[in-house]
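In: Sequence first, then the predicted structure:
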Number of protein chains: 2
Amino acid sequence: MSFVRNTCTEFVEVLASKASVPGGGGASALVGAVGMALGSMVGSLTVGKKKYADVEDDIIAIMGKAAGLQNELLRLVDEDAVVFEPLSKAYGIPKDDPNRAQVMEDALKLACSVPMDIMRACASAIELHDEFAKKGSALAISDAGVGVAFCKSALMGASLNVFINTKSMSDKSYAAGIEAEADELLSKYCAKADEIYDSVIKRLR
Amino acid sequence: MSFVRNTCTEFVEVLASKASVPGGGGASALVGAVGMALGSMVGSLTVGKKKYADVEDDIIAIMGKAAGLQNELLRLVDEDAVVFEPLSKAYGIPKDDPNRAQVMEDALKLACSVPMDIMRACASAIELHDEFAKKGSALAISDAGVGVAFCKSALMGASLNVFINTKSMSDKSYAAGIEAEADELLSKYCAKADEIYDSVIKRLR
C-alpha cells in the first residue's frame, strides 16, 4: 500500500474520509515534502545562471541534501500508516482483556516513532531553506518563503501526532523524554522558520 | 494538463524541478486542500457516534461546505498553472518590444487572481476548522489542529505569490487594492488559525 503513489486528488479524498490512514502524521510528511520541494525549486532556478556562478557549487550540494530529505519525507507518508495500524487495532481490544494495556502501550510508542522522524526531517528542511533563501536566485525568493512556511506547519502537525500519543502512555518517563525532544525541535525550528520567512517578506515587499 | 491527477510523488518531483509550473501558488492550493481534508476527517469520525448525536446535523452541514472548499482548492492547483503561463512567457519578450510593458502588466494582474482565490478559500477553510475543533469528536482533535496549521501556511504561501506580482505592477493603485485585501485576510485569519491551534494544544497536552 502506497499513498504517495495515489494521485493528489485521491490522497486528499481518502484523508477526508473516516479511513484510519492516512491521518495527520502522513499528511504532515507530505506537506513537509512539498515544502522541501519548493526549496529545491529555488535551487533548480539558480543553477546554470551566470549571476549565481559563485554559489553554484554550494547550491548543488544543498540540492543533494534537499533531494534526500524530500525522498525521506515521501517515504514517511507511507511509513506513518504502517506504524499507526497496530494502534488502530489496539483500540478494538476488549477493555477486560488482560493484555490490552501492554499491547496499547507498545502501539503508542510505535505510533510516535514516525511523527518524531517527520519532525527531525522538517527541522533539517528548515535549515536548508535558510541557505536557499540566502544564496538562491532572487527571482525565486517567494518560493523559499512558501517552502519554509510549509515545513514549519508540517513540523507543528507532526508534533500534535506525537503529543496525542505520549499523553496516553503509562510509561511517563518515556513519554517525557519524547516530549522534551519534540518541544526542543518546535522551539528552535519554529523560530528559525519565522526568521527565514520574515527575511523573505522584507525582500519581497 | 492536470497536476492533481499526478501521483503525490510526481507532483513533488515536478515542483522541485525548474519547470515553471506548478509553483508556490499551486503548492499552496494543494496544502490548503490537505488541510481542509483533515477538518473533514474530524467530521467523518464524528458522524454516527452516539456521543455526538446532538451536533450531527451541524457536522453534516459543515462537511458539505468543507467538501466544496476542498474541491475548489484542488481546482485552483491546476488553475494557478493556467494563469501563471502568460507571465512566464511575458518574461521572454525582448526588452525593446514596445508591447512588452502592457503584456507584462496584464500577465501580472492575471497571475495574482488565483493566489487571491486561494487566500479566500483558505480563510473559509480556517473558519470551518473552528467549528470542527469545537463540535467534532475529541478523539480526532489533533487532526483539526494539523488541518488549521496547514490552512494558515497555505494562506501565507498564497500571499507571497500575490505580493511578488503586485510589487512589479505599474498600476500602483490596482496593486494597492489587491495588497489591502491580502493584508486584511492575513491579519484576520492567521490570528484566527493560531487561536484554533492553541485551543487544540490546550486540550491535547
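Out: Arrived safely, thanks for sending.
In: Neighbours of residue A:109, how many?
Out: As a burial measure, residue A:109 scores 18 neighbours (other C-beta atoms under 10 Å in any protein chain shown). Placement of C-beta: from N, CA and C, glycine included.
In: for the residue of chain A most remote from its centre, helix, strand, or coil?
Out: Most distant from the centre of chain A: residue A:96, at 37.1 Å, with distances by C-alpha atoms, centre = their mean. Using DSSP: H, G, I helix; E, B strand; the rest coil, the secondary structure recorded for residue A:96 is coil.
In: the helices in chain A, which residues?
Out: Taking DSSP state H as the test, the helices found in chain A are A:8-16, A:24-44, A:56-90, A:100-135, A:141-166, A:172-204.
In: Now do the phi/psi pair for residue A:96.
Out: Per-residue torsions, residue A:96: phi -90, psi 0 (degrees, to the nearest 10).
In: what's the spacing between it and residue A:64?
Out: Distance, residue A:96 to residue A:64, using C-beta to C-beta, to the nearest Å: 54 Å.
In: cool, and residue A:6?
Out: To residue A:64, residue A:6 is 28 Å away according to C-beta to C-beta.
In: Pick out whichever of the two has more residues nearby.
Out: A direct count of neighbours by other C-beta under 10 Å for residue A:6 and residue A:64 places residue A:6 higher, at 18 against 11.
In: I'd assumed residue B:8 was in contact with the more buried one.
Out: Yes - here residue A:6 lies in contact with residue B:8, judged by C-beta atoms under 8 Å, at a distance of 6.5 Å.
In: Could you count how many residues lie near residue A:40?
Out: For residue A:40, using other C-beta under 10 Å, the count is 28.
In: just the one 4 residues further on next, same as before
Out: As a burial measure, residue A:44 scores 22 neighbours (other C-beta under 10 Å).
In: Might you report the residue contacts of it?
Out: A:63, B:16, B:17, B:18 (C-beta atoms under 8 Å, 6 or more residues apart in numbering or on different chains).
In: Can you flag the buried ones in those residues?
Out: Using 16 or more other C-beta atoms under 10 Å in any protein chain shown as the burial test, the contacts of residue A:44 include A:63, B:16 as buried.
In: Tell me the one among the contacts of residue A:44 nearest to residue B:39.
Out: residue B:16 (27.8 Å; C-beta to C-beta).
In: got a list of what that closest one touches?
Out: A:36, A:37, A:38, A:40, A:41, A:44, A:66, A:67, A:70.
In: top of these by neighbour count?
Out: residue A:36 (36 neighbours).
In: Next, the contact list for residue A:1, please.
Out: Residue A:1 makes contacts with A:78, A:81, as judged by C-beta under 8 Å, 6+ apart.
In: change it to 10 Å
Out: A:21, A:78, A:81, A:82, A:85 (C-beta atoms under 10 Å, 6 or more residues apart in numbering or on different chains).
In: circling back: overlap in contacts of residue A:6 and residue B:8?
Out: Overlap of the contact sets of residue A:6 and residue B:8 (by C-beta under 10 Å, 6+ apart) consists of A:12, A:77.
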